[in-house]
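Undergrad: got a predicted structure plus its sequence, pasted below:
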Amino acid sequence: MKINIGYSCDESYVMYTGISMISMFENNKDVEDLTVYLFSKNITDTSIQQLSDIANEYGRKFVNIPLSTILYDLNVKETERHIITVYAKLFFSRIDEIEKIIYLDSDTIVNSSLREMWSIDLRNNLVAGVETFSVKVKNELGLTKGDKFINDGVVVLNLKKLRSENMEQNFLQFINQYKGAPPFLSEGTINVVCKGQIKTIHPKFNLMSGLLTIQNRSYYKSENLGGYYNDATINEAIRNPVVIHYLAAFFNRPWDKNCRHPLKNIYLKYKEMSPWCEVPLTDKKLKLRLRLIGFMIDNLPDQIFVLLRRISSFIKTKNH
């Protein structure tokens, strides 16, 4: 089996990318042929060599592709948190020799084999991913409640089909329509442009932090999710995640000493195996609003939490 993996980052995320790579190599030693493609922006030669050395230690191929190679005609408005690297996945099809790839955000840990994920039958779909939840997001993008909306931080991309349908031009057109600042960045772009050709997959392939907070949450399920994953499926994903996606949510990041994520020790295990094992954890607190919501999730009965969220949503609606 041959598996292609894609990452995209700048110098500030090299450490997290490297730790993710180590977890992926450790849990896929039985895969015969595994190649990592790094789409890089302003990464030093030293850091590129560091990532290449990690791949070499596991006998894996590592290919560095400067981001300008595929994003030569993309003009986007960059912010402090979301820079141009997040759009790279939309243009992987410009690398002709690849027909399929699993894209992983740098804030992920691969917890088990990727064989099942790689074997997902995309058929006529352009992309496969785990559905995320937000009626508000869908409304802003002009999508209906029944339209699929996936998180684009962990996706399987059908590059052959994306290429044959010239989808990069459709992505560019959508981004340019919003003058380089499309709603919800690359995630909004891929969900709107690929509408009708998106396959949703088991949440174990992208265990987002939010999935750890919505078990039995009637508010989310009745008002926001529609036909979302049921409790049994979410619980299975939590018990046996293939990819853990450490979105900050109400937990903070696992590389921060204030992190409350219940699976943070899995990240720390692979950090200890990395060249960055002695790099101290950061000390960055979540915004007060997020900490308060996290406290409510942990301590309030569902009924009270639901009531408070409804009141909050009503006030926001009235203010707008």
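TA: Looks like it came in fine.
Undergrad: in the stretch 101-250 of the chain, which spans are helices?
TA: Ranges of helices in the stretch 101-250 of the chain, per DSSP state H, counting those that start in this stretch, are 115-118, 135-141, 159-164, 167-177, 185-193, 218-219, 231-239.
Undergrad: of those, flag the one that's most buried.
TA: For the helices of the stretch 101-250 of the chain, the largest average neighbour count (mean count of other C-beta atoms under 10 Å) is found in helix 185-193, namely a mean of 23. C-beta coordinates here come from the backbone N, C-alpha and C atoms, glycine included.
Undergrad: can you give the distance of that helix from its chain's centre?
TA: On the basis of C-alpha atoms, centre = their mean, to the nearest Å, helix 185-193 sits 13 Å off its chain's mean C-alpha point.
Undergrad: now it and helix 167-177, what's the angle there?
TA: Angle between the axes of helix 185-193 and helix 167-177 is 110 degrees (criterion: axes from the mean of the first three to the mean of the last three C-alpha atoms, to 10 degrees).
Undergrad: mean confidence score for helix 185-193?
TA: Model confidence over helix 185-193 averages 96 on the pLDDT scale.
Undergrad: who are the packing partners of that helix?
TA: Under the contact definition 3 or more C-beta pairs under 8 Å, 6 or more residues apart in numbering; DSSP states H and E, helix 185-193 sits against helix 135-141, strand 150-157, helix 167-177.
Undergrad: and the ones you listed: which comes nearest Phe91?
TA: Between Phe91 and those, the shortest separation by C-beta to C-beta is 5.2 Å, and it involves helix 167-177.
Undergrad: could I get that closest one in CSV with only the CA atoms?
TA: Taking only C-alpha atoms (Å, rounded to 0.1, in the frame of the first residue of the first chain), the coordinates of helix 167-177 have been written out as CSV:
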residue,chain,number,x,y,z
MET,A,167,-11.5,22.8,-9.5
GLU,A,168,-8.6,25.0,-8.5
GLN,A,169,-10.1,27.6,-10.9
ASN,A,170,-13.4,27.3,-9.0
PHE,A,171,-11.6,27.8,-5.7
LEU,A,172,-9.8,30.8,-7.0
GLN,A,173,-13.1,32.3,-8.4
PHE,A,174,-14.8,31.8,-5.0
ILE,A,175,-11.9,33.4,-3.1
ASN,A,176,-11.6,36.3,-5.5
GLN,A,177,-15.4,36.8,-5.2
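Undergrad: closest one to Leu207 among the helices and strands packed on helix 185-193?
TA: Proximity of these to Leu207 was assessed by C-beta to C-beta; the nearest stretch is strand 150-157, lying at 9.1 Å.
Undergrad: quick one on the thing from earlier: what would the helices of the stretch 101-250 of the chain look like in CSV with distance to Tyr87?
TA: Compiled in CSV, these are given as follows (distance: least, C-beta to C-beta, whole Å):
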stretch, distance to Tyr87
helix 115-118, 23
helix 135-141, 16
helix 159-164, 14
helix 167-177, 8
helix 185-193, 5
helix 218-219, 33
helix 231-239, 27
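Undergrad: the ones you listed: lowest mean pLDDT?
TA: Per-stretch averages of pLDDT across these put helix 218-219 at the bottom, with a mean of 47.
Undergrad: closest to the centroid, which residue in the protein?
TA: Ranked by distance to the mean C-alpha position of the chain (C-alpha atoms, centre = their mean), the top residue is Gly153 at 1.6 Å.
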